[in-house]
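*Asks:* Fold the following and give me the result.
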Amino acid sequence: MSSDNVAIRVQNLSKCFHIYDQPLDRLKQSILPRLQHLTGRQPLQYFREFWALKNISFEVTQGETVGVIGCNGSGKSTLLQLICGTLSPTQGSIESGGRIAALLELGSGFNPEFTGRENVHLNGSILGLSQEEIRDRFGKIAAFADIGDFLDQPVKIYSSGMTMRLAFAVAINVDPKILVVDEALSVGDEMFQRKCYSQIEKLKKSGATILFVSHSAPTVIQLCDRVLLLDGGEALAMGLPKTIVGQYQKLMYSPAGMRETMREEIRSRALDVQISHSLKTPITEQEVYDDHSRPLQVEAEEFYDGNLTPQSTLAYESLGALIETPEIRTLSGNRVNCLKRGQTYLYTYRVKFLKGASNVRFTMLIKTTSGVNLGGAISAADLTSGIPYIAPDSEARMEIKFNCALTPGCYFINCGVLGIVDSEEVVLHRILDASMFRVLHDDEKTILGIIDFGCNADIILPRSNSRQ
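*Replies:* You can find the predicted model right below:
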């Protein structure tokens, strides 16, 4: 690698697969073009080209955790297989530094006829460990996989979850410089997933580089430093997790006729991946709202700050409804966005229905500035409990009462409206980061974390055992 701090460098990477309509075409392609060339005829092509990846370039620095997101078929798994060396690129180049441990397909590299124990030795050797190193680490691998006596049974009788446990246990214990995970953790149970994510956090702290594919937006936001958005084999954007996840969700829910417009919009807003400030520095209040002045002084009462405007707002394309004027008000009706902890407020917005809608439900969701979902509400628990029908050219006003049980800081609110279209519930309109509010500082110094659970600490001192 030409740069000491670059773990992975991908330059102009493309991958083309040959698609054959029938098995006979594959045989024709292997024989006939050569004969046609020998006889002086123009060789024919008996396959269709499918470009899974098209001219992708990016760099991952050492110690960075990068997420890769996109719809099914966008090229995520192909990209990871190319980086790991299980596929060869059609065009472009990949450079990587250090041992790569990969969790791509469950049990890839495992021999189904071998026992789990034998496969640990086989897989460890594939990943570059000596037999002595494997023996030294075998106890940790077995303990992490926690599959009991099945360790000495053939892998072919394992469940998918057991196979994933063993594969992850091997990969995580080879001390990889680069760990590649392709949605494999979705198979494990909740307890094992927590153990895996805890181990990934330890790897992050040790300086390992991680490439992580997942369809879970909260997981991507929490684990990753940056995120790459793929669509149709193209890299549309790379940047801060919360921003890229929001763009991905907007693209995913866009109407079919608007998809290319959404792609161009995302490209135009793509973040510059070379800005080191964007890579490592936590998001601050100055970066998430439109205020170039000094921070406001602490106020005793709630109020409205006109500078507190989110810069990350993303509105979905309308499917017959349009959300307007989302805002927070006190119970007496005053508009505010600087709130007092422990007080109750109303989150309100109006919805114009451009078309008739059935089984209508309204939503709100409060998030941190990094995109972690904290909680919210939906107006009806299920489809049958929603508003049966709202006529076209109607207007509804939504009011959601909430208690500000959050510690001082800045937060976002999403809002949305759902309804039935062609017998399926869809998002009629949604706005991400529609509103922003700040919880004001107070004199309470004993609350930790984000949410105020109203905890009271009582200290009971031990009785004295001194002799009379």
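*Asks:* Quick one: neighbours of the residue nearest to Gly356 when sequence neighbours are not counted, just the number.
*Replies:* What sits nearest to Gly356 in space, not counting adjacent residues and going by Cβ to Cβ, 6 or more residues apart in numbering, is Pro392, at 4.8 Å. All C-beta atoms are positioned from the backbone trio N, CA, C, and that covers glycine. Counted by other Cβ atoms under 10 Å, the residues lying close to Pro392 total 11.
*Asks:* And for Leu179?
*Replies:* When neighbours are counted by other Cβ under 10 Å, Leu179 registers 24.
*Asks:* Next, it: secondary structure please.
*Replies:* strand (DSSP: H, G, I helix; E, B strand; the rest coil).
*Asks:* beta partners of the residue lying closest to it once chain neighbours are set aside?
*Replies:* For Leu179, ignoring the flanking residues on the chain, the nearest one in space by Cβ to Cβ, 6+ apart is Ile210 at 4.9 Å. Taking DSSP bridges as the rule, Ile210 bridges to Thr65, Leu179.
*Asks:* ok, Ile210 touching Lys202?
*Replies:* No: in this structure, Ile210 is not within contact of Lys202 by Cβ atoms under 8 Å, at 11.2 Å.
*Asks:* ok, the two, which is more surrounded?
*Replies:* A direct count of neighbours by other Cβ under 10 Å for Ile210 and Lys202 places Ile210 higher, at 23 against 11.
*Asks:* Relative to Asp225, how far out is that one?
*Replies:* 9 Å (Cβ to Cβ, to the nearest Å).
*Asks:* Please enumerate the shared neighbours of the two.
*Replies:* Contact with both Ile210 and Asp225 is made by residues Glu64, Thr65, Val66, according to Cβ atoms under 8 Å, 6 or more residues apart in numbering.
*Asks:* where in the stretch 1-150 of the chain is pLDDT low?
*Replies:* Low-confidence segments of the stretch 1-150 of the chain (pLDDT under 70): 1-4, 105-108.
*Asks:* Which residue ranges of it form strands?
*Replies:* 6-19, 48-61, 65-69, 91-96, 100-103 (DSSP state E, counting those that start in this stretch).
*Asks:* looking at those strands, which is closest to Phe150?
*Replies:* strand 100-103 (19.1 Å; Cβ to Cβ).
*Asks:* Report the distance from that closest one to the chain centre.
*Replies:* Its chain's average C-alpha position is 19 Å from that of strand 100-103, according to Cα atoms, centre = their mean, to the nearest Å.
*Asks:* could you say what helices and strands that strand packs with?
*Replies:* Strand 100-103 makes packing contacts with helix 76-84, helix 160-172, strand 178-182 when contacts are defined by 3 or more Cβ pairs under 8 Å, 6 or more residues apart in numbering; DSSP states H and E.
*Asks:* Adjacent strands (with direction) for that strand?
*Replies:* Strand pairing (DSSP bridges) places strand 100-103 next to strand 178-182 (parallel).
*Asks:* Relative to Tyr349, how far out is the residue nearest to Gly356?
*Replies:* Distance from Pro392 to Tyr349, by Cβ to Cβ: 19 Å.
*Asks:* about what we covered before: would you format the helices and strands packed on strand 100-103 as TSV with distance to His121 included?
*Replies:* Listed next are the helices and strands packed on strand 100-103 as TSV, based on distance: least, Cβ to Cβ, whole Å:
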stretch	distance to His121
helix 76-84	20
helix 160-172	10
strand 178-182	20
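*Asks:* wait, which of those is closest to Glu424?
*Replies:* With Cβ to Cβ as the measure, helix 76-84 is the member of the helices and strands packed on strand 100-103 nearest Glu424 (25.6 Å).
*Asks:* Export only the CA atoms of the closest one, formatted as CSV.
*Replies:* Taking Å, rounded to 0.1, in the frame of the first residue of the first chain, the C-alpha atoms of helix 76-84 are listed here in CSV:
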residue,chain,number,x,y,z
LYS,A,76,-22.9,-5.2,-1.8
SER,A,77,-22.0,-8.9,-1.6
THR,A,78,-20.1,-8.8,-4.9
LEU,A,79,-18.0,-5.9,-3.6
LEU,A,80,-17.1,-7.7,-0.4
GLN,A,81,-16.2,-10.9,-2.3
LEU,A,82,-13.9,-8.9,-4.6
ILE,A,83,-12.2,-7.3,-1.6
CYS,A,84,-11.8,-10.7,0.1
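*Asks:* Report the angle between it and strand 65-69.
*Replies:* With axes from the mean of the first three to the mean of the last three Cα atoms, to 10 degrees defining the directions, helix 76-84 sits at 140 degrees from strand 65-69.
*Asks:* so Leu103 makes contact with Val180?
*Replies:* Yes: using Cβ under 8 Å, Leu103 makes contact with Val180 at a distance of 6.9 Å.
*Asks:* which residues of the protein fall in helices?
*Replies:* Assigned by DSSP state H, the chain shows helices spanning 23-38, 76-84, 116-126, 131-145, 160-172, 190-206, 217-223, 241-252, 259-268, 276-280, 285-288.
*Asks:* Out of these, which gets nearest to Gly454?
*Replies:* That would be helix 217-223 among those, by Cβ to Cβ, at 24.9 Å.
*Asks:* ok so, going back, got TSV for the helices of the chain, with distance to Asn307 too?
*Replies:* Below are the helices of the chain laid out as TSV (distance: least, Cβ to Cβ, whole Å):
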stretch	distance to Asn307
helix 23-38	64
helix 76-84	39
helix 116-126	56
helix 131-145	50
helix 160-172	46
helix 190-206	35
helix 217-223	26
helix 241-252	21
helix 259-268	26
helix 276-280	22
helix 285-288	10
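*Asks:* Select, out of those helices, the one closest to Val10.
*Replies:* Of all the helices of the chain, helix 76-84 comes closest under Cβ to Cβ, at 7.3 Å.
*Asks:* What residues of the closest one count as buried?
*Replies:* Residues of helix 76-84 classed as buried: Lys76, Ser77, Thr78, Leu79, Leu80, Gln81, Leu82, Ile83, Cys84 (neighbour count, 16 or more other Cβ atoms under 10 Å).
*Asks:* again, but for stretch 236-256
*Replies:* Residues of stretch 236-256 classed as buried: 236-254 (neighbour count, 16+ other Cβ under 10 Å).
*Asks:* separation between Met191 and Ser198?
*Replies:* Separation of Met191 from Ser198 (Cβ to Cβ): 11 Å.
*Asks:* next one: Ser159
*Replies:* Separation of Ser159 from Ser198 (Cβ to Cβ): 22 Å.
*Asks:* Could you do Val174 as well?
*Replies:* Between Val174 and Ser198 the distance is 18 Å, computed by Cβ to Cβ.
*Asks:* more neighbours, those two?
*Replies:* Val174 (21 against 10).
*Asks:* wait, the more buried one sits on Ala101?
*Replies:* Yes: contact criterion Cβ under 8 Å: Val174 and Ala101 qualify, at 5.3 Å.
*Asks:* got the contact list for the residue lying closest to Leu13 once chain neighbours are set aside?
*Replies:* Nearest non-adjacent residue to Leu13, counting by Cβ to Cβ, 6+ apart: Gly92, 3.6 Å away. Listed by Cβ under 8 Å, 6+ apart, the contact set of Gly92 reads Val10, Gln11, Asn12, Leu13, Ser14, Asn55, Ile56, Ser57.
*Asks:* ok, those vs Ser216, which is closest?
*Replies:* Closest to Ser216, out of all of these and judged by Cβ to Cβ, is Ile56, at 22.9 Å.
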